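# Just a sequence and a predicted model for now, questions to come.
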Amino acid sequence: MKKVMIVEDYEVLLESYKEIINNTTNFRVCGAYTSCEEALEHIENLSPEFILIDISLPGMSGIEGIKAIKAILGDSVSIIVVSVHENSTHVFDALCAGAIGYVTKSSGEKEFLNALYQAINGGAPMSTNIARMVVESFQKNDCNELTSRENKVITLLSEGMTYNQIAMTLNLSINTIKYHLRNIYGKLYVKNKYEAIVEYKKRGCKLNSV
């Protein structure tokens, strides 16, 4: 069973998330809190593998909370934002802080759980509208082609290497590898590493001069 922590200040929603997750066979809620400060008090003892976190929280914001959590647990935890905010600033701030995915609160139960399953498989779960926003952002900044580093990452991934092996091969941190993968997902219009590998092999990617 994968351990999930929830940080959500709206208690009705918090209880709803708990019920949905605890009714699965793969996940259980190990802690549910209404603030980042409260969650941080228990984070080391509970050692959750996944955290669902809101952005607008009392006291410490979800963005700052993500940074604090990553500073403690590092790559042992995968953080997914669940928020009403759908603007690009919140999305990219969350991803840069260390979140691997971003799901809107308007998502249904199926999409909500699918985000957790995608995360297990190394994906970067995002609501459809959020994924579109990320893609459009890359397009507006002329980032449709993979950089040389991104090309190396996806090549090694397609050869069967794990994130740790890729990080060691390229002398980079796991967080940096995940950052490159999120960029790759956006540029290839995919949601997880398996789709990325298939798309990469299907169409090939040009290198940028960086």
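Structure's in. What do you need?
# From here on, just use CA atoms for contacts and neighbour counts.
OK.
# what's downstream of the least confident helix or strand in the chain by mean pLDDT, the next helix or strand?
Lowest mean confidence among the helices and strands of the chain (mean pLDDT, DSSP states H and E): helix 128-140, at a mean of 64. Proceeding N to C from helix 128-140, the next assigned helix or strand is helix 148-158, under DSSP states H and E.
# Which stretches in this structure count as strands?
Under the criterion DSSP state E, the chain contains strands at 2-7, 27-33, 50-53, 78-83, 101-104.
# The ones you listed into CSV, with extra columns for distance to Val198?
Below are the strands of the chain laid out as CSV (distance: least, Cα to Cα, whole Å):
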stretch, distance to Val198
strand 2-7, 27
strand 27-33, 28
strand 50-53, 26
strand 78-83, 24
strand 101-104, 21
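# possible to save those as CSV with distance to Tyr163, mean pLDDT and mean neighbour count?
Listed next are the strands of the chain as CSV, based on distance: least, Cα to Cα, whole Å; pLDDT from 0 to 100; neighbours: other Cα atoms under 10 Å:
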stretch, distance to Tyr163, mean pLDDT, mean neighbour count
strand 2-7, 19, 97, 22
strand 27-33, 23, 97, 19
strand 50-53, 17, 97, 24
strand 78-83, 13, 94, 26
strand 101-104, 17, 89, 26
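# what's the domain layout of this structure?
The chain resolves into domains spanning 2-131, 141-203 when parsed by automatic domain parsing.
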